[in-house]
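S.K.: next come a sequence and a model predicted from it.
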Amino acid sequence: MSLSLPVSSEQPRPWWRAFSRKLAMLLPKGLYARALLIVIAPMVILQCVLTYVFMERHWQRVTMRLSNALTNEIAAIADLHQVYPGRKNDDLLVRIAQQRLDIDIEFLPKGELPPALPKPFFSIIDAALSNEIKRQIGKPFWLDTVGRSNFIEIRIVLDDSILRVVALRNAAYASNSHIFILWMIGTSFVLIVVAIAFLGNQIKPILLLAGAAEAFGKGRDLDFHPRGAREVRQAGYAFIEMKRRIERAFEQRTTMLNGVSHDLRTILMRFKLSLALMRQTEETRDLQKDVDEMQRMLEAYLAFARGDAGESAAEIDVQEFLEDLRLDAERAGFETKIAFAGDPVVTLRPDAFKRCLVNLIGNAQSHAEHISIEAVRDQRFLTVHIDDDGPGIPPNRREDVFRPFFRLDSARNQDEGGTGLGLAIARDIARSHGGDISLGDSQAGGLRATVRVPV
Ligand SMILES: Nc1ncnc2c1ncn2[C@@H]1O[C@H](COP(=O)(O)OP(=O)(O)OP(=O)(O)O)[C@@H](O)[C@H]1O
Ligand SMILES: [Mg+2]
């Protein structure tokens, strides 16, 4: 028999997942910064560990040994003083200590020790010396390791006097240790600088590749040569090959359709000729109308296929661009308002983009009286809204109207019709810029067509 536990669909998120998400949020997002972090973080950790171990072991131990040695000498002097008392012997001891041991000693008359000094915040030497004196001599003492920077002073209460010792700080303390740390910081600084320089060179080709792919997505041409490490170059060549294949497929399709339309046009001409030669009846007139419409569609398609192929992207001033469109619309007798916000300089293919907007404005003109064009450019996109006060398009038809040769006007005004290619062309252009067109409701009650392309 199997026992099944109730499983709740909402399981608590494991803490490590929450933690890694937090960490990911804190970490830099760019490849360069991340790579630097990967190089620098281990180095810094290694240094911290090394420094700690060094301080803890080496530095402390050496200081301990040195303090031990100094205390040995002082203890020896104290013992000698006790065994050979007398002023002459003291003088001899002072001289020997100075010449052989490199420490200054003095025998002071017995009295009180000065008040104890406050302990320094971080000092191995103070602790080491205190320990050693307590252990080896075991008499009351006074210690100054802070006062005069290069020297330390020790006073020890002997039976009949006070022994005052002034020794070089080096004698009790591994004072050159900080040089080790300086060297470590210095060399790692050099290493980091070298790493930054090298990493920059490694990452630049990846950024170039990303830039080229992005430009291709926006329909811009960029001079791109693969560089850098083998894998990056491989990716670069693969990208170029892919780009070439896409372009070739595109070209092939256009050429083929072009050819087909062209052939059809020739046949249509023959049709028309035959029709003209026939006796005019109701049927031939209908036929003629159909043939005319077919020809119009073919012409429109041919114009589209010929298109703006080969046009390259350029910087344009959107404000001027819109002003031109407004003037054209006014000349055609339509009241048109424009508004623009943001930086007006944008890179796109001017003729193609104009055709896109003209198609949308043309639609508004054939369905409405008042048109308003509103453009906003932000960090990433240029967005153009074209609003009219016409009948609009019902939401369930808004995708259909983008289909080539699809027209809603059958119930409206069929005769002054277009071919139904306008929106298809406009969307094609927007997409070739890496953007798109969407349709919605305008505030004026008509249609709002929105073109949005990345800048
Ligand atoms: N602003 C608009 N208001 C109302 N209906 C519209 C509007 N724009 C487009 N439509 C509808 O969408 C259909 C498709 O538009 P599209 O621009 O593709 O073709 P068209 O304008 O009929 O012909 P063409 O633009 O090729 O001359 C149109 O037939 C029309 O019914
Ligand atoms: Mg149209």
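M.R.: That came through fine. Bear in mind that the values here come from a model prediction, so they are computed numbers and not experimental data. Ligands and ions are numbered 1, 2, ... in the order given.
S.K.: mind checking how far the lowest-mean-pLDDT helix or strand in the chain is from the chain centre?
M.R.: Using mean pLDDT, DSSP states H and E, the weakest-scoring helix or strand in the chain turns out to be helix 282-306, at a mean of 83. Offset of helix 282-306 from its chain centre (C-alpha atoms, centre = their mean, to the nearest Å): 54 Å.
S.K.: give me the residues contacting it.
M.R.: With contacts defined as C-beta atoms under 8 Å, 6 or more residues apart in numbering, helix 282-306 is touched by 254, 257-258, 261-262, 264-265, 268, 271-272, 275, 278, 404-405, 418-421, 425, 428. Quick note: C-beta positions are derived from backbone N, CA and C, even for glycine.
S.K.: which residue comes closest to the closest residue to ligand 2 within the chain once chain neighbours are left out?
M.R.: Residue of the chain nearest ligand 2, by C-beta to the ion: G422 (2.6 Å). Spatial nearest neighbour of G422, excluding adjacent residues (C-beta to C-beta, 6 or more residues apart in numbering): N359 at 4.2 Å.
S.K.: and what of L37?
M.R.: L37 sits nearest to P28 (C-beta to C-beta, 6+ apart), 6.6 Å away.
S.K.: find the closest residue to ligand 1 in the stretch 1-150 of the chain.
M.R.: At 41.4 Å from ligand 1, K29 is the closest residue in the stretch 1-150 of the chain, using C-beta to the nearest ligand atom.
S.K.: pretty sure that residue sits in a strand.
M.R.: No - under DSSP: H, G, I helix; E, B strand; the rest coil, K29 falls outside any strand and is assigned coil.
S.K.: report pLDDT for the residue of the chain most remote from its centre.
M.R.: Farthest-out residue of the chain from its mean C-alpha position, per C-alpha atoms, centre = their mean: G86, at 81.5 Å. As predicted, G86 sits at a pLDDT of 87.
S.K.: now S175
M.R.: pLDDT for S175: 66.
S.K.: what residues are up against L101?
M.R.: E73.
S.K.: how far away is it from L302?
M.R.: To L302, L101 is 108 Å away according to C-beta to C-beta, to the nearest Å.
S.K.: can you check T336 too?
M.R.: Going from T336 to L302 by C-beta to C-beta gives 30 Å.
S.K.: over to P391?
M.R.: Taking C-beta to C-beta, one finds P391 at 30 Å from L302.
S.K.: more crowded one of these two?
M.R.: Just comparing P391 and L302: by other C-beta atoms under 10 Å the higher neighbour count belongs to L302, 16 against 13.
S.K.: the strands in the stretch 251-400 of the chain, which residues?
M.R.: Assigned by DSSP state E, counting those that start in this stretch, the stretch 251-400 of the chain shows strands spanning 314-317, 335-341, 345-348, 370-377, 381-388.
S.K.: tell me which of those lies nearest to A195.
M.R.: Across the strands of the stretch 251-400 of the chain, A195 has its closest neighbour in strand 345-348 (35.2 Å, C-beta to C-beta).
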